[in-house]
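Following is a predicted model, sequence given first.
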Amino acid sequence: MRQRELVNTIMTRNLHVVQMEDKLTDVRDLIRKHNIRHVPVIYGGQLVGMLSKTDLNRLTFSSLFAGQEDADEAVFDMLTISQVMSHRPRVVKANNTIKHVAEILSTEEFHALPVVDNKDETKLVGIVTTTDVIKYMLQQY
């Protein structure tokens, strides 16, 4: 196993992001369209938060009760991205090791971490997920 492999070798670079001014329905649609689970939130060109599919699912009723799609839409219209997102997310730098990222994911209960520039922690350069780390580990066998 390569001990010093950097996270920038396994992170996703082609990101789907939302602006903080976007609507929650835009986030939901983006997650559905691209079959993703985590979306970085940008404001003024800087990373300010993260939204997950789980965050959105906590707001919905349609998965629990039939015929509640209208209630879901009302909830999404009432709330803003800023009210639902995780503010100031835990980040890793592009030159951190995969081992370091795996330690964070396994001990701090995150499923995805934004990857930021080595010199500017507000500049988003990628995202790394538990799936990325698992795929990397599987390649080692």
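Yes, it's here.

ok, now which ones touch the residue nearest to residue 79 when sequence neighbours are not counted?
Nearest residue to residue 79 in three dimensions, chain neighbours excluded: residue 24, at 5.9 Å (CB to CB, 6 or more residues apart in numbering). C-beta: built from backbone N, CA, C; applies to glycine. Contacts for residue 24 were tallied using CB atoms under 8 Å, 6 or more residues apart in numbering; they are 56, 59, 76, 77, 79, 80, 81, 84.

now swap in residue 80 and tell me
20, 24.

what pLDDT does it get?
Looking at residue 80, its pLDDT is 91.

phi, psi of it?
Here is the backbone geometry of residue 80 (degrees, to the nearest 10): phi -110, psi 160.

now the strands for the protein?
18-19, 38-43, 46-52, 86-87, 92-93, 112-116, 124-129 (DSSP state E).

Same list (these) but as a markdown table, adding mean neighbour count.
Below are those laid out as a markdown table (neighbours: other CB atoms under 10 Å):
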| stretch | mean neighbour count |
| --- | --- |
| strand 18-19 | 17 |
| strand 38-43 | 22 |
| strand 46-52 | 20 |
| strand 86-87 | 12 |
| strand 92-93 | 21 |
| strand 112-116 | 24 |
| strand 124-129 | 22 |
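
nearest to residue 5, of these?
strand 124-129 (12.0 Å; CB to CB).

elements contacting that closest one?
For strand 124-129, the elements it packs on are strand 38-43, strand 112-116, judged by 3 or more CB pairs under 8 Å, 6 or more residues apart in numbering; DSSP states H and E.
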